[in-house]
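J.: based on what follows, work out the 3D shape:
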Amino acid sequence: MDGFDLLRDLTESHGPVGFETEPHELVADELGGHVDHIRTDAMGNVVGTVEGDGEGPELLIAAHMDEIGFMVRHVDDDGFVRVSPLGGWNPEILRSARVRVHADAGDDPIDGVIGAIPAHVRDTESEQDVEDVAIDLGLDGGTARERVAVGDAVTMRAPTERIGECVSGKALDDRAGVWAVLRAAARADPDATVHYVATTQEEVGLRGAEGVGVDIDPDVAIAVDGTLERAVPGVDAADHVTTRGDGVAIKRKDATVVPTPAVVERLEALADDREVPFQREVAASIGTDTGALQTAAGSTPVGAVSIPVRYHHSTVETAHADDLAATVDLLVAVAEAGAAGLWSATDGAVGSVAADEADGEADP
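T.: Predicted structure coming up:
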């Protein structure tokens, strides 16, 4: 797979909500050779800009670089660390997980594990909640308390591997989207201004994108994220959302946004024109930065491009290499089309025409 090393570096880096330093540095380093200038803001968002002629409309392409994680809330007398979630976890995947505590008290992070109850003694009806998680650092209580403090961040540890025609690992949601944005920035040759953005704190309410949308106020915004792919045993076909291997997904709706129809249509036309395989996405239970970008600075035409990801919010998130490649191909087309190619003044003229007609009727 072309670009696998960069994808592995991004996904294996540790950057939970609010603590995105590692992926931030990777993004800034990678973007540096492909944009005219880079800036960051108080939220930690990274913005790399290719400058146009200064007169045309501006396009923003964004993906979020934070991952779900935890924050330490207590260290007990026996050295076990109790946590509070940063983002949405499925507690079922937490047993036997390897974790990393990013402690403020030292230069090096501390690795640990979340234990599992042995099958010999486990109550088969018992359920684990995130608040029940106890991280074992292999340290006694006194040492654990010296090295770990309330408020320290915690992430999962997992390798990123190629399996069959796919890539599997942690944080493909949404480091795979960040990877696609970076790959597009390296390949595209836009005429107009394009802002390539890696946002923060998406997993707890689209917070980084909201700040970016105010600071830049683009004429068109496109968000790139992972979406649900549930084509697995036991799930009805109507609930699959997307199908792995069928191409990049172009969003029609999710829980936070109905993308601008004219922009959606042009995304599909670009995919057809470039012969990029795509599928339509209708999702109900997920949200993306698109929702924040649409309203952050009043109102902005938006579109959303999604990578089908199986086993969402786990350490074995899985995406098809062909879907990853298709996402990059579509983003290259988007960047080269620019904001003017995705939206024009006539697309938003319905309200103005209606007002003019109403004014005409009111004239004596």
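
J.: list the buried residues for the host helix or strand of Asp29?
T.: Assigned by DSSP states H and E, Asp29 falls within helix 21-31. Neighbour counts over helix 21-31 (16 or more other Cβ atoms under 10 Å) mark 22-24, 26-28, 30-31 as buried. To be clear about C-beta, it is placed using only N, CA and C from the backbone, and glycine gets the same treatment.

J.: in the stretch 51-200 of the chain, which spans are helices?
T.: 141-147, 172-187 (DSSP state H, counting those that start in this stretch).

J.: scratch that, the stretch 201-350 of the chain
T.: Counting by DSSP H, counting those that start in this stretch, the stretch 201-350 of the chain has helices at residues 207-216, 261-273, 289-295, 321-342, 350-362.

J.: what packs against the longest one?
T.: Think helix 321-342. Judged by 3 or more Cβ pairs under 8 Å, 6 or more residues apart in numbering; DSSP states H and E, the packing partners of helix 321-342 are strand 59-64, strand 166-169, helix 172-187, strand 220-228, strand 248-253, helix 261-273, strand 302-309.

J.: export the ones you listed to TSV and tack on mean neighbour count?
T.: Converted to TSV, the helices and strands packed on helix 321-342 look like this (neighbours: other Cβ atoms under 10 Å):
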stretch	mean neighbour count
strand 59-64	29
strand 166-169	22
helix 172-187	27
strand 220-228	28
strand 248-253	22
helix 261-273	18
strand 302-309	29
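
J.: dump those into CSV; add distance to Arg145 and mean pLDDT as well.
T.: Formatted as CSV, those follow (distance: least, Cβ to Cβ, whole Å; pLDDT from 0 to 100):
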stretch, distance to Arg145, mean pLDDT
strand 59-64, 33, 97
strand 166-169, 32, 98
helix 172-187, 33, 97
strand 220-228, 37, 96
strand 248-253, 46, 97
helix 261-273, 52, 97
strand 302-309, 38, 97
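
J.: residue contacts, Val232?
T.: If a contact means Cβ atoms under 8 Å, 6 or more residues apart in numbering, then Val232 has Arg310 as its contacts.

J.: now it: phi and psi?
T.: phi -130, psi 160 (degrees, to the nearest 10).

J.: gap between it and Tyr311?
T.: Look at Val232 and Tyr311: by Cβ to Cβ, to the nearest Å, they are 8 Å apart.

J.: and Val258, by the same measure?
T.: Distance from Val258 to Tyr311, by Cβ to Cβ: 27 Å.

J.: tell me which of these two has more neighbours.
T.: Looking at Val258 and Tyr311 with other Cβ atoms under 10 Å, you find the greater number of neighbours at Tyr311, namely 19 against 15.

J.: how much space between the more buried one and Asp289?
T.: According to Cβ to Cβ, Tyr311 and Asp289 sit 22 Å apart.

J.: in the stretch 1-150 of the chain, where is pLDDT below threshold?
T.: Scanning the stretch 1-150 of the chain for pLDDT under 70 picks out the ranges 105-107, 116-128.

J.: please enumerate the strands of it.
T.: Assigned by DSSP state E, counting those that start in this stretch, the strands in the stretch 1-150 of the chain fall at 37-40, 46-50, 59-64, 69-75, 80-86, 98-102, 110-114, 134-136.

J.: please identify the most buried of these.
T.: strand 59-64 (a mean of 29; mean count of other Cβ atoms under 10 Å).

J.: brilliant, that's me finished.
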